[in-house]
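Asks: this is the structure alone, sequence omitted:
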């Protein structure tokens, strides 16, 4: 009956539909059937994880409070009731419970033990890989690439087991797409990514779409992979247009299935922003494409998921527009200050080196405009330097940030010389 339908929808990752079916079944059982309690509890737990995806720190705590009554509390209660079932997958249920209760180390140990005892339970291996991916992403954010690489290799082994058993399970293939995306990003961070790495990452996307051609989450990951490759092409002075067009197409394909999805709208906005950058580089006016990017991003600005990324993205849209205005004789002050405001709000939600680095570049453009206008650029230069120093405090291994910081200090030294002040201290710092 509805229990079987709900379980099937859960396995396919169609969580809202699964919840509807299982809630009807739960009420019909007068809230007594532990098998239904388990299936519904797992569904609510996965919905909770989706709501918390991409959040950290204060924003994650606030979102947990917001979904406590609707998702987290009933998920915990149902999973505890399911313990009376004494089913084979009790360890897996306990692992999920540990994860939603923010006990990732215990969740990892339980997921591994569940996988050892029940080799056919591919969900345990998928959960193990998810925890390892989250750990790797955190390590990458701190610049600890070797440890992150180790976590992703462990996740590879777990997902290989999962896909061997659950060949047609979308969640296993989604997990491998996410894992390869992180490996690809890690190689890019190290400056070692190649076209073969891009094809390898997209190979997982193709495999996942064969299992479920309408999987909008996979389209979101595909869009992210294309746009990250486009970023590297842009940095190398190569034509990124076709790659960014692929990123836009993937995001739009996903949005046809899920028009309000936050990651998809963020990916669309990012790809459009990068496309606008390409247009600007070849002398075209980027503002129409930037307007499309801002429109996509503003649709999700009031949502908690990925809010710092959305603000960072909007900040970069304004920074690009401000840079274009600077080069075309238009006063960019309001636009650049709006960009800095977005970056600062993003940093207040989640301190990240990238937010502060982008803020520093926006302040530098404003300092350039002040100099051209014959005004004192030091306040903007000081703000730029502070932002770069904040970025280095969060990730001391960034060559780009160190170089930009040195260039800022030299710029300040030149300003001192022009005003007949001693540049000695700035030169020493540089």
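Replies: Thanks, I have the structure now. Owing to the predicted nature of the structure, the values given are computational and were not obtained by experimental measurement.

Asks: what about residue 30, how many neighbours?
Replies: Applying other C-beta atoms under 10 Å, we find 7 residues neighbouring residue 30. All C-beta atoms are positioned from the backbone trio N, CA, C, and that covers glycine.

Asks: for residue 140, phi and psi?
Replies: Dihedral pair for residue 140: phi -60, psi -40, per degrees, to the nearest 10.

Asks: residue 159 against residue 129, yeah?
Replies: Yes - applying C-beta atoms under 8 Å, one finds residue 159 in contact with residue 129, separated by 4.8 Å.

Asks: need the residues touching each of these two.
Replies: Contact criterion C-beta atoms under 8 Å, 6 or more residues apart in numbering; residues shared by residue 159 and residue 129: 175, 179.

Asks: now do the helices in the stretch 101-250 of the chain.
Replies: Taking DSSP state H, counting those that start in this stretch, the helices of the stretch 101-250 of the chain run over residues 104-117, 122-141, 145-165, 170-189, 195-211, 216-235, 241-257.

Asks: spit out the contact partners of residue 297.
Replies: Residues in contact with residue 297 (C-beta under 8 Å, 6+ apart) are 265, 266, 269, 310, 313, 314, 317.

Asks: let's have those in TSV, adding secondary structure, neighbour count and distance to residue 22.
Replies: Below are the contacts of residue 297 laid out as TSV (DSSP: H, G, I helix; E, B strand; the rest coil; neighbours: other C-beta atoms under 10 Å; distance: C-beta to C-beta, whole Å):
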residue	secondary structure	neighbour count	distance to residue 22
265	helix	27	29
266	helix	25	30
269	helix	27	35
310	helix	27	32
313	helix	26	36
314	helix	24	38
317	helix	28	41
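
Asks: what's the most distant pair in the residues you listed?
Replies: Maximum pairwise distance in the contacts of residue 297, criterion C-beta to C-beta, is 13.3 Å, between 265 and 317.

Asks: find the nearest non-adjacent residue to residue 96, please.
Replies: Excluding the flanking residues, the one nearest residue 96 by C-beta to C-beta, 6 or more residues apart in numbering is residue 45, at 4.9 Å.

Asks: now do residue 127
Replies: Leaving aside its sequence neighbours, residue 127 sits nearest to residue 111 (C-beta to C-beta, 6+ apart; 4.4 Å).

Asks: mind pulling up the pLDDT for the one you found?
Replies: As summarised for this prediction, residue 111 has a pLDDT of 95.

Asks: next, count neighbours for it.
Replies: Residue 111: 29 surrounding residues under other C-beta under 10 Å.

Asks: name all residues that make contact with it.
Replies: By C-beta under 8 Å, 6+ apart, the contact list for residue 111 reads 91, 92, 95, 124, 125, 127, 128, 131.

Asks: what do you get if the cut-off is 6 Å, keeping everything else the same?
Replies: The neighbourhood of residue 111, defined by C-beta atoms under 6 Å, 6 or more residues apart in numbering, consists of 95, 124, 127, 128.

Asks: can you list the residues you listed in TSV and add distance to residue 412, neighbour count and pLDDT?
Replies: Shown next, in TSV, are the contacts of residue 111 (distance: C-beta to C-beta, whole Å; neighbours: other C-beta atoms under 10 Å; pLDDT from 0 to 100):
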residue	distance to residue 412	neighbour count	pLDDT
95	53	26	91
124	56	28	94
127	51	28	94
128	50	28	96
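
Asks: what's the closest of those residues to residue 345?
Replies: Nearest member of the contacts of residue 111 to residue 345, counting by C-beta to C-beta, is residue 127, at 33.5 Å.

Asks: look up how far residue 378 lies from that closest one.
Replies: 53 Å (C-beta to C-beta, to the nearest Å).

Asks: ok, now residue 171?
Replies: 54 Å.

Asks: so between those two, which is more surrounded?
Replies: Applying other C-beta under 10 Å to residue 171 and residue 378 shows that residue 171 carries more neighbours, namely 22 against 14.

Asks: what pLDDT does the more buried one get?
Replies: Reported pLDDT at residue 171 in the predicted model: 91.

Asks: low-confidence ranges in the chain?
Replies: Scanning the chain for pLDDT under 70 picks out 54-56, 84-88, 305, 416-430.

Asks: how does it look with 80?
Replies: Within the chain, the ranges that satisfy pLDDT under 80 run 53-60, 82-89, 303-306, 399, 410-430.

Asks: re the thing from before, closest to residue 281 among the contacts of residue 297?
Replies: Residue 281 has its nearest neighbour among the contacts of residue 297 in residue 317, at 15.8 Å by C-beta to C-beta.

Asks: for the closest one, give me its contacts.
Replies: 273, 290, 293, 294.

Asks: again with residue 22
Replies: Going by C-beta under 6 Å, 6+ apart, residue 22 touches 6, 39, 40, 43.
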